[in-house]
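Undergrad: just coords:
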């Protein structure tokens, strides 16, 4: 039987585990890190608009770490649905490392742009696919609340020099995933980068601004931010994508402006900031800004927001003890602080 | 004897009370609102690089409110050293109202630009002077820590149609204020608007950015913000001033970049945000932005920061119960949120 390993048991990861387990065409192993004992003893309670209600639900296998999961491997597919914080204590390449033994197909079911670069470098012999989830699903304390139908767009990051297995693997995974009664939705993504840039129109703007001011999406909008900041910033995302040859659908702007009407929703970066957790800043805004600089495109709003959020990320790191400022290093220092930073506090 | 009323007993207000009381050329009444009982019973403890150490120190009269102060009036001078939050529950015009009976000279010893406009409108018959304090002084729980020599720049807001008393009143107040041994410093401000814009080069940038990311000045600088954001934003302040005919001294930028070297100082707006108090956003950044819009000058960094900080101020107001969002008002609403805001949530 085909074996699938899912690493990352937030709302999106558990929904994938549920879809694959329900279809029963593969053996599903889910890595659950922080709440392993809770899930082992009582399983998940799930309230899903896609699949209905479940209590004490578990996939075929639970593992407390990627190393622990190896007892159920080797795996045909490794689905990575963790947070992606390349500037944090562990990179995604290192997270999946213990599960890589040969020809696993890796699916990056994560947000952001250029997340594949480091992965290609680390695992040149593996097929690496892009998964974009539009699933509205949140996990909290053993419970999954799925309010938007589970939708996945699966495709190859590469447009040229594709792995010869690529199409076969994409279609095989879709078969494992697609519920025969059509409750969920999985489709081939023919233009992975476009899909990812278009999702960034939302994430680079709403995730970032809500995290910065500590307010939900609707409270920004009540403060007239649609006109002052949100739409202009969304156009900046589209502008960067264009310099990479990606033509985003501009009607996404109006769609995203109204997608949360009346919901008072706080995106993941805002939630992470409130919890004191590191934010997915680099893959959601840092990489677009790097591309803007490389292509010489002026994006003053996004650049300002990125510089500010780097400071917030720095604060979160210091609060978590991931870095420590020694104030004595700065006594009587009359040089530019930038120099000190580059030497020591990165 | 000349009578001076000081309203606002933070670091700057108490230092003014101390200077005037020590000279003993006028009778000083200080309005102390929140800590009135504390100060009445034990006075201030003061550690001042300008005047030395004091314990149980009090001015001639203490009052618990401006109304209460009237028993010691009428006053020749009213010095206003409160926070200035025109979008808050009480405006400065209304704060001083109970003390205005006739020909008082009003000294606005406060930050920001265009703070005089509302005051001129409310009190057209009074002489209104500008006081800019460079005093490094903080108040906390009955204690004043004064780490930078007390320096005041006093001048007339008006460049034309000056009150005939203007010069005489400025010089009289300087005489009341100036310590004969030269411990403190008060000087005529010949160009009030220039002095205020130059102070904004610091305040509009460091106050605002530290408040937004919740980090002190030096931690911003460690994160390379001098080059990415601070200097470019300071140039935007200078650019706005220029459209008003004010030529700021650009060397202030380097001065301010290094004025806090090694101090890890958190400016007042950052401290207010941390305490959940409303920030002096409108007079420090809102008014410069209004002027930029009026004069059609593009300041993308400051505009972005202003839009973001308006959201933070909104959050502080909501947390303090000064406004209340009724989520039901937004159910199924597909119109632009800006419209709703303008109708109801201002």
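TA: All right, it came through fine. Everything quoted here is computed from the prediction, not taken from an experiment.
Undergrad: just the strands in the stretch 151-300 of chain A please.
TA: In the stretch 151-300 of chain A, the strands defined using DSSP state E, counting those that start in this stretch lie at A:151-156, A:185-188.
Undergrad: Next up, the contacts around residue A:310.
TA: Listed by Cβ atoms under 8 Å, 6 or more residues apart in numbering or on different chains, the contact set of residue A:310 reads A:281, A:286, B:223. Bear in mind the C-beta positions are built from the backbone N, C-alpha and C, glycine included.
Undergrad: How about residue A:251?
TA: Neighbour list for residue A:251: empty [criterion: Cβ under 8 Å, 6+ apart].
Undergrad: That one and chain B: what is the separation?
TA: 15 Å (Cβ to the nearest Cβ, to the nearest Å).
Undergrad: Likewise for residue A:220?
TA: Separation of residue A:220 from chain B (Cβ to the nearest Cβ): 6 Å.
Undergrad: Tell me the gap between the strand or helix carrying residue A:130 and the middle of its chain.
TA: Taking DSSP states H and E as the definition, one finds residue A:130 inside strand A:127-133. Distance of strand A:127-133 from the chain centroid (Cα atoms, centre = their mean, to the nearest Å) equals 11 Å.
Undergrad: And what about the closest residue to residue A:290 other than its chain neighbours, helix, strand or coil?
TA: Nearest residue to residue A:290, sequence neighbours excluded (Cβ to Cβ, 6 or more residues apart in numbering or on different chains): residue A:114, at 7.9 Å. Classification of residue A:114 using DSSP: H, G, I helix; E, B strand; the rest coil returns coil.
Undergrad: and the residue of the stretch 101-250 of chain A nearest chain B?
TA: residue A:221 (3.4 Å; Cβ to the nearest Cβ).
Undergrad: any idea which helix is longest in chain A?
TA: The longest helix of chain A (DSSP state H) is helix A:300-319.
Undergrad: thinking again about what came up before, take the contacts of residue A:310 and write them to JSON lines, including neighbour count, pLDDT and distance to residue A:104.
TA: As requested, these are exported to JSON lines (neighbours: other Cβ atoms under 10 Å in any protein chain shown; pLDDT from 0 to 100; distance: Cβ to Cβ, whole Å):
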{"residue": "A:281", "neighbour count": "27", "pLDDT": "98", "distance to residue A:104": "28"}
{"residue": "A:286", "neighbour count": "21", "pLDDT": "98", "distance to residue A:104": "28"}
{"residue": "B:223", "neighbour count": "25", "pLDDT": "92", "distance to residue A:104": "38"}
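Undergrad: Now distance to residue B:263 too, for those residues, in JSON lines please.
TA: Converted to JSON lines, the contacts of residue A:310 look like this (distance: Cβ to Cβ, whole Å):
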{"residue": "A:281", "distance to residue B:263": "28"}
{"residue": "A:286", "distance to residue B:263": "30"}
{"residue": "B:223", "distance to residue B:263": "17"}
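Undergrad: circling back: who's in contact with the residue nearest to residue A:290?
TA: By Cβ under 8 Å, 6+ apart, residue A:114 lies in contact with A:283, A:287, A:290, A:291.
Undergrad: In PyMOL, how would I select just the buried ones from these?
TA: Buried residues within the contacts of residue A:114, by 16 or more other Cβ atoms under 10 Å in any protein chain shown, are selected in PyMOL with:
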select buried, chain A and resi 283+287+291
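Undergrad: Please identify which of the contacts of residue A:114 is nearest to chain B.
TA: Comparing the contacts of residue A:114 against chain B with Cβ to the nearest Cβ places residue A:290 closest, at 13.6 Å.
Undergrad: Now do that closest one against residue B:233, distance only.
TA: When Cβ to Cβ, to the nearest Å is the yardstick, residue A:290 and residue B:233 sit 22 Å from each other.
Undergrad: Kindly report the same for residue A:322.
TA: From residue A:322 to residue B:233 the distance is 28 Å (Cβ to Cβ).
Undergrad: What parts of the stretch 151-300 of chain A come near chain B?
TA: With the criterion set to Cβ under 8 Å from any Cβ of the partner chain, the stretch 151-300 of chain A comes near chain B through A:209, A:212-215, A:218-229, A:258, A:261-262, A:264, A:300.
Undergrad: Let's see the pLDDT reported for residue A:218.
TA: Looking at residue A:218, its pLDDT stands at 93.
Undergrad: And the one 10 residues further on, by the same measure?
TA: Per-residue confidence (pLDDT) for residue A:228: 94.
Undergrad: Which residue, other than its chain neighbours, is closest to it?
TA: residue B:307 (4.5 Å).
Undergrad: same question, residue A:300
TA: Nearest residue to residue A:300, sequence neighbours excluded (Cβ to Cβ, 6+ apart): residue B:300, at 3.8 Å.
Undergrad: And for residue A:319?
TA: residue A:276 (5.7 Å).
Undergrad: got it, and residue A:231?
TA: If the residues on either side of it in the chain are set aside, residue A:231 comes closest to residue A:253, at 6.1 Å by Cβ to Cβ, 6+ apart.
Undergrad: same check, this time on residue A:291
TA: Nearest one to residue A:291, counting by Cβ to Cβ, 6+ apart, is residue A:240 at 5.6 Å.
Undergrad: just residue A:302 next, same as before
TA: Closest residue in space to residue A:302, ignoring its immediate chain neighbours: residue A:236 at 4.8 Å, by Cβ to Cβ, 6+ apart.
Undergrad: neighbours around the one you found, how many?
TA: For residue A:236, the neighbour count with other Cβ atoms under 10 Å in any protein chain shown is 24.
Undergrad: That one and residue A:299 touch, don't they?
TA: Yes. Counting by Cβ atoms under 8 Å, residue A:236 does reach residue A:299; the two are 4.1 Å apart.
Undergrad: anything in contact with each of those two?
TA: residue A:292.
Undergrad: what about residue A:322 and residue B:233, which has more around it?
TA: Taking neighbours as other Cβ under 10 Å, residue A:322 and residue B:233 compare with residue B:233 leading, 23 against 13.
Undergrad: residues touching the more buried one, list them.
TA: B:204, B:205, B:209, B:301, B:302, B:305.
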